[in-house]
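Asker: Need a 3D model of the following:
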Amino acid sequence: MRTPLVSRQMLTFAVIGVVNTGTYYAAYLLLLARFPYLLAHILATALSLTGSFFLNARFTYRTRPTLRKFILFPLTNAANFLSTTVGVYVLVDLLHFSSRFAPLLASLAAIPVTFVVSRRIMLPKAAPAPIA
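Answerer: Next up, the predicted model:
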């Protein structure tokens, strides 16, 4: 059963995800004009990941953004990054999809897992209660 807090966090995470996807895609299209599609994808991912960290720290988890969390946060998107990178490659090079739209299709796969992993990093478990 979800608590109201977790439900609010999931909704906020989803809204930030939409904003983050728009940021990623806009950056990707701008970078695609100057760089090969995979480099554009990697740079746009790094930019959107940074924005995602600060937005989620502030609005989703309402926690202070620390250097430790910032360093760990990319781990939450490692599976997402790997699957989208492979997905973009497969869609563009093997299936001959447009490099303009391939990232949108490839990004759908890893979204649910990202919430769970990011929540664990941003809100580490509290120390267990002492045994009386």
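Asker: Could I get the full set of helices for this structure?
Answerer: 4-32, 37-55, 67-76, 78-89, 102-106, 111-122 (DSSP state H).
Asker: which of the ones you listed is buried the deepest?
Answerer: helix 102-106 (a mean of 20; mean count of other C-beta atoms under 10 Å). Any C-beta I mention is one placed from the backbone N, CA and C, and that applies to glycine too.
Asker: export it as CSV, just CAs?
Answerer: Extracted C-alpha coordinates of helix 102-106, given in CSV (Å, rounded to 0.1, in the frame of the first residue of the first chain):
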residue,chain,number,x,y,z
ALA,A,102,14.9,7.3,-31.7
PRO,A,103,15.7,8.7,-28.2
LEU,A,104,12.1,9.2,-27.4
LEU,A,105,11.3,5.6,-28.2
ALA,A,106,14.3,4.3,-26.4
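Asker: quick check: mean pLDDT across it?
Answerer: Helix 102-106 shows a mean pLDDT of 87 in the predicted model.
Asker: Show me the contact partners of that helix.
Answerer: 21, 24-25, 28, 37, 41, 83-88, 90-92, 97 (C-beta atoms under 8 Å, 6 or more residues apart in numbering).
Asker: Please apply the same query to stretch 58-67.
Answerer: 9, 12-13, 16, 53-54, 57, 69, 119, 122-123.
Asker: ok, now how distant is the residue nearest to the spatial centre of the chain from residue 7?
Answerer: Nearest to the geometric centre of the chain sits residue 77, at 5.2 Å (C-alpha atoms, centre = their mean). Separation of residue 77 from residue 7 (C-beta to C-beta, to the nearest Å): 22 Å.
Asker: Where does the prediction get shaky in this protein?
Answerer: 1-2, 109-110, 112-113, 126-132 (pLDDT under 70).
Asker: 80 instead?
Answerer: Within the chain, the stretches with pLDDT under 80 are 1-4, 6, 77, 79-80, 83, 107-114, 116, 125-132.
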